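Q: Got a sequence here, can you model it:
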Amino acid sequence: PGDAGGGGGGEPLSSEDGDPEMLITIPFTNIVKIKSIMVIGGDNGSSPDKMRVFLNRDDLDFETVADLPAVQEWTLVENSAGTFEYPTQFRKFQGVSSVTLHFPSVFQGDVASLWFVGFRGEGSTHQRKAVTNVVYESAPQPQDHKSPIEEVAPQMLQ
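A: All right, here's what the predicted structure looks like:
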């Protein structure tokens, strides 16, 4: 398999011989809102004919996607000129940190080819960051959890 897209003279991303199914995960560095997706497939029927999309999942493989409902599915057209975009159900494509594209089949043949996958939408300046300062308390410590009554009560008793 080669690099998808890349502009100018590269090789398409191709599935294994005899199995046209492809699964591609694309992580984003910022949170995005996706309005549409463009797919440019190969010639001679090697273009995918269906696309299923999953959002914010990093645990998917071919077995998992077969059993999961997609966020949205499209029946594709052969789009070698890159003139057709597939609109998303925009309300479902908010707050996206990664996209997994599942292409289960092609128009004809047993090898899928992709030249380009593009997204149109909006980026956010919000970046995902791991939690770095966490305090974990396995058992409560009463001295750490005083209520205002407990602070005033000893003074009243004196």
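
Q: any weak-confidence spans in the chain?
A: 1-9, 126-158 (pLDDT under 70).

Q: can you map out the helices along it?
A: Secondary structure of the chain (DSSP state H): helices at 62-67, 148-157.

Q: ok, residue 122 - contacts?
A: 32-33, 35 (Cβ atoms under 8 Å, 6 or more residues apart in numbering). Just so you know, the C-beta spots here come from the backbone N, C-alpha and C atoms, and that holds for glycine as well.

Q: With just CA atoms, put the strand ranked longest in the chain into CSV.
A: The single longest strand within the chain, with elements called by DSSP state E, is strand 22-41. Taking Å, rounded to 0.1, in the frame of the first residue of the first chain, the C-alpha atoms of strand 22-41 are listed here in CSV:
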residue,chain,number,x,y,z
MET,A,22,-10.6,-1.1,4.2
LEU,A,23,-10.5,0.5,7.7
ILE,A,24,-8.8,3.9,8.2
THR,A,25,-8.5,5.9,11.4
ILE,A,26,-7.7,9.6,11.2
PRO,A,27,-6.9,11.4,14.5
PHE,A,28,-7.1,15.2,14.7
THR,A,29,-4.8,17.4,16.8
ASN,A,30,-7.8,19.7,17.7
ILE,A,31,-11.5,19.1,18.1
VAL,A,32,-13.3,19.6,14.8
LYS,A,33,-16.9,19.8,13.4
ILE,A,34,-17.2,18.0,10.1
LYS,A,35,-19.7,19.2,7.5
SER,A,36,-18.8,16.9,4.6
ILE,A,37,-16.4,14.2,3.5
MET,A,38,-14.8,13.7,0.0
VAL,A,39,-13.5,10.4,-1.2
ILE,A,40,-11.6,9.9,-4.5
GLY,A,41,-11.2,6.2,-5.3
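
Q: Mind listing what's buried along that strand?
A: The neighbour-count check on strand 22-41 (16 or more other Cβ atoms under 10 Å) flags 22-23, 28, 31-34, 37, 39-41 as buried.
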